[in-house]
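**Q** what shape does this take:
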Amino acid sequence: MAQWANRHERLKPSVTSLVPTLLGLTTVLLILLALLAGVNNSLTALYYFKVDVSQLSVPSSLAGSGFLQDLTAVSGIDLVGQEATASSLGLAQTYTVNILNSCADFPSKTVCSTPNLKLNFSPGSDLHLDGTGYRVSDANSYSRSLIRYRNSHRFIAPEYIIAAVATLLAATLGLAGNRSKGTAFVTLALSGLGTGFLLGANVAATINAQRIVKAINANFSDAGVNAKIAGGGIPITWTAFALSLVSTIILAVRLYRWSASSSGPAPREWVVLRHNAGKSGGGKAGNILVTGRDAYEGAGADRTAQSPVGQLLNRVSTWGQHKYVQVEKQLDVGRERRFEREMERHDRWASDQSEPRHVGGRPEYIPMGSMADNREHGRNLESYEPYRSNQRG
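**A** A predicted model of the protein is given here:
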């Protein structure tokens, strides 16, 4: 009964199983919000960094030519060209970059690009700065920063997806984590896997955002372009990581406590009939039916330790005729019987030797007379049995 009660307690949902599930589901929700930012022009506030081009001003590449400036002054025709601004290039005031796309914030509307797992945001092409003739201050450093950003960003979205799937599976199995130790271990493994991938994606996304922001400010600040890390993309993903980490810790503590408190597999069910000689206080002698763990732990000497089945059977008058029951390993019955037959055969042989063989019936041996006078035969015996000479001497 106690074993069944413990098993029933493990099967009931508890706080330790509901809390990791709720934390896991919340983590999955936050990851999905970060992934879906900018999709269908929604959740545009969950970006990673923002590029402000409202102060963009790129002089014409011919503005430094004095000859063209003089011709412009004489002819009245602009031969130098106008400086490039955000309005002249058809740019929005600000641009925000998400995990899967980027959005352009115009004064009247926000337009987001199509989601792409291999998003490659490039200030030169996306902001149309390559056509203005603007030259970056450090082309080599800028190119290396773009290559690193491009190579690492292609793994960020898949890592978030894997983390969301693993965390969702862990949250689902978390409700059944108390059913078996194997299920609890799989739940912990999935939760740890999701937490690990989420940590890797957050670190890569944060470092990527810092890298590209630094490259933009270092090479385009003279043109009036400024970038900064802002928005809710980074905070929401790190919050998801914190919740996932707490869920994993709770699952690990639960599995550790369960393993520490578990005494191994349940003992075999034994049913043993033991003889009760009665207590000194006048207890009635009889047989006691002992079941379960008590069968081999020595319980059952007292009638109060009987199970309900044993108490019921003891009321039957014909119950308890046998006084003992062999519980231990049975001996080799065949070996005992062979030993008994050998002993009986030996006893019969000994009794046959003690009785005179010539009495009644056919003699079993031929009686021989004494050969003490046969000296030649005695000498032959002495040659094989030297001790005879000593006896004669």
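**Q** how many residues are close by the closest residue to residue 255 other than its chain neighbours?
**A** In space, and not counting its chain neighbours, residue 255 is closest to residue 184: 4.9 Å by Cβ to Cβ, 6 or more residues apart in numbering. Just so you know, the C-beta spots here come from the backbone N, C-alpha and C atoms, and that holds for glycine as well. Neighbour count for residue 184, taken as other Cβ atoms under 10 Å: 22.
**Q** just residue 142 next, same as before
**A** 18.
**Q** looking at it, it is touching residue 219, isn't it?
**A** Yes - assessed by Cβ atoms under 8 Å, residue 142 is found in contact with residue 219 at 4.9 Å.
**Q** joint contacts of these two?
**A** Common contact partners of residue 142 and residue 219 (Cβ atoms under 8 Å, 6 or more residues apart in numbering): residue 136.
**Q** show me what the longest helix seen in the chain is packed against.
**A** Longest helix in the chain, counting residues (DSSP state H): helix 181-220. If contacts are counted by 3 or more Cβ pairs under 8 Å, 6 or more residues apart in numbering; DSSP states H and E, helix 181-220 sits against helix 15-35, strand 49-52, helix 139-153, helix 156-174, strand 226-229, helix 233-261.
**Q** need those in CSV with mean pLDDT and distance to residue 131, can you?
**A** Listed next are the helices and strands packed on helix 181-220 as CSV, based on pLDDT from 0 to 100; distance: least, Cβ to Cβ, whole Å:
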stretch, mean pLDDT, distance to residue 131
helix 15-35, 89, 33
strand 49-52, 92, 17
helix 139-153, 86, 17
helix 156-174, 93, 29
strand 226-229, 92, 20
helix 233-261, 90, 30
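**Q** how about these, which one is nearest residue 215?
**A** helix 139-153 (3.8 Å; Cβ to Cβ).
**Q** which residues are contacting that closest one?
**A** 118-122, 136, 204, 207-208, 211-212, 214-215, 218-219.
**Q** buried sites along that helix?
**A** 142, 145, 146, 149, 150, 153 (16 or more other Cβ atoms under 10 Å).
**Q** just give me the closest of those to residue 340.
**A** Set against residue 340, the nearest of the buried residues of helix 139-153 by Cβ to Cβ is residue 153 (88.4 Å).
**Q** which SSE is residue 96 in?
**A** Assessed by DSSP states H and E, residue 96 sits inside strand 94-97.
**Q** now do that strand: everything it contacts.
**A** With Cβ under 8 Å, 6+ apart as the test, strand 94-97 has contacts from 38, 44, 47-54, 102-105, 119, 121, 126-127, 209, 212, 231.
**Q** can you tell me the SS state at residue 104?
**A** Of the three states, residue 104 takes strand under DSSP: H, G, I helix; E, B strand; the rest coil.
**Q** re earlier: parallel or antiparallel, list what pairs with the strand holding residue 96.
**A** strand 49-52 (antiparallel), strand 102-105 (antiparallel) (DSSP bridges).
**Q** relative to residue 167, which of those strands is closest?
**A** For the strands paired with strand 94-97, the distance to residue 167 is smallest for strand 49-52, at 25.6 Å, taking Cβ to Cβ.
**Q** next secondary structure after the closest one?
**A** Following strand 49-52 in sequence, per DSSP H and E, is strand 57-58.
**Q** could you give the mean pLDDT of that next one?
**A** Here strand 57-58 scores 78 as its mean pLDDT.
**Q** ok, the nearest residue to residue 205 once chain neighbours are set aside - contacts?
**A** The shortest distance from residue 205 to any non-neighbouring residue, by Cβ to Cβ, 6+ apart, is to residue 156 (5.1 Å). By Cβ under 8 Å, 6+ apart, residue 156 lies in contact with 99, 201, 204, 205, 208.
**Q** roughly how far apart are residue 156 and residue 222?
**A** Plainly put, residue 156 is 30 Å away from residue 222 if you go by Cβ to Cβ, to the nearest Å.
**Q** try residue 167
**A** Applying Cβ to Cβ to residue 167 and residue 222 gives a distance of 45 Å.
**Q** returning to what we had before: ok, of the contacts of helix 139-153, which come out buried?
**A** Buried members of those, counted by 16+ other Cβ under 10 Å: 119, 121, 136, 204, 208, 211, 212, 215, 219.
**Q** hmm, which two among these are most spread apart?
**A** Using Cβ to Cβ, the buried ones among the contacts of helix 139-153 span at most 24.6 Å, a distance reached by 136 and 204.
**Q** poorly predicted segments of this protein, please.
**A** 1-17, 59-83, 176-179, 261-339, 350-393 (pLDDT under 70).
**Q** isn't the residue nearest to residue 255 right up against residue 258?
**A** Yes - Residue 184 is within contact range of residue 258, at 6.6 Å (criterion: Cβ under 8 Å).
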